[in-house]
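**Q** sequence plus predicted model, see below.
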Amino acid sequence: MAKSVYALVGPDSFLQLQELAAIARELGKDTQRVDIEGDKAELSDVLDEVRSFAMFGSGKLVVVRNADGLLERFKEQLEDYVSNPSDSATLVLRFDSLPGNLRVAKAIAKTGEVRKCEPPKDVESWIINRGKTVHKITIGMDGARILRDLIGDDLGKLDNELAKLALQSDTGKVIAGEIAQGVVFQREQEMWDFTNALAAGDTAEAIKRWRHLLQMDPSGEYRAVTWLGMWLENVRKALANKKKGIHISAYAKSMRLWNPQQQQSFMKTAESIGEEGAARALELLVEVDRQSKSGVGAAAENVERFILAVGVGSGT
């Protein structure tokens, strides 16, 4: 039976969401859910929600994100409530940290439940176990190490990659080479989508894809200069071939421009930039790389400024 109050404690949002989903399942599908931002809300807003019954469904779940901020502003009042919580709704408080010696933590442990959401110390073992129990695939320690090296310690991203590997696997067994090939290909495709948007002259889409790429793969900011350099070389190649009378369709596949519309968009952008513009863009890219390596501005922001400068320079 679900408790009246829970504390989900830990820095990993993926683990918190897993615990939250388990609580929601226990309450039932027809439970009414209310989400509140703890660092902005007034405690009275939260208490109004937990003390009122659900208008629809058989129960009510009130989830407070960033509950650290709520506790900081309304410490005594929140302590009083969790010491004697209402049974009209289930309150879930999501904390980054909550020392066990605090009165509020002790009260929640007594009247409800405190669930730790700490990242595992052995991430490789977590990958192996998660793959086996949730995604029904077998991954060895070598494969788990490669996946962690490529993705990092973000459990949500790791779980997402495991789901993709499960879909791609016909046997249920994933070897290290398949992991490396699949993950690297995906990262390359994301970077190609980004440069293709830039090639099409769509600066807004290029910025959007650049920011999305960074969310998926923060290390992308350190590889962007290489990819953008390759893109500029393709621009110069296209312009040189046009002078020779060679149509882009003859070499477009080598640049991963698969359809005629992509090819036409790329040529339009290349012509807008021109040979002199491409040379200036390359000089700008070299300067971006120098600044990033010397600590002048964040690498990601430097790349974004480059995207905007190329967009202005090409008349887009």
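**A** Cool, the structure landed.

**Q** tell me which residues in stretch 208-215 are buried?
**A** With burial defined by 16 or more other C-beta atoms under 10 Å, the residues of stretch 208-215 counted as buried are 209-210, 213-214. All C-beta atoms are positioned from the backbone trio N, CA, C, and that covers glycine.

**Q** swap that for stretch 79-97, please
**A** Residues of stretch 79-97 classed as buried by neighbour count (16+ other C-beta under 10 Å): 79, 81-82, 85-86, 89-95.

**Q** what's the closest of these to residue 168?
**A** Sorting these by how near they are to residue 168, with C-beta to C-beta, puts residue 94 at the top with 33.2 Å.

**Q** for that closest one, give me its contacts.
**A** Contact analysis of residue 94 by C-beta atoms under 8 Å, 6 or more residues apart in numbering lists 8, 16, 20, 38, 63-67.

**Q** same check on residue 58?
**A** Remark: with contacts taken as C-beta under 8 Å, 6+ apart, residue 58 is in contact with 28, 30-31.

**Q** any idea of the pLDDT on it?
**A** You'll see residue 58 listed with a pLDDT of 72.

**Q** my guess is residue 91 is in a strand, correct?
**A** Yes. According to DSSP: H, G, I helix; E, B strand; the rest coil, the state of residue 91 is that of a strand.

**Q** who is it paired with across the strands?
**A** residue 5, residue 62 (DSSP bridges).

**Q** of the buried residues of stretch 79-97, closest to residue 229?
**A** Taking C-beta to C-beta as the measure, residue 229 lies nearest residue 94 of these, at 42.8 Å.

**Q** helix, strand, or coil at the closest one?
**A** For residue 94, the secondary structure call by three-state DSSP comes out as strand.

**Q** equivalent analysis for residue 105, please.
**A** In the three-state summary, residue 105 is assigned as helix, counting by three-state DSSP.

**Q** so how far is residue 115 from residue 162?
**A** When distances are taken as C-beta to C-beta, to the nearest Å, residue 162 and residue 115 turn out to be 23 Å apart.

**Q** I'm done for today, thanks for sticking with me.
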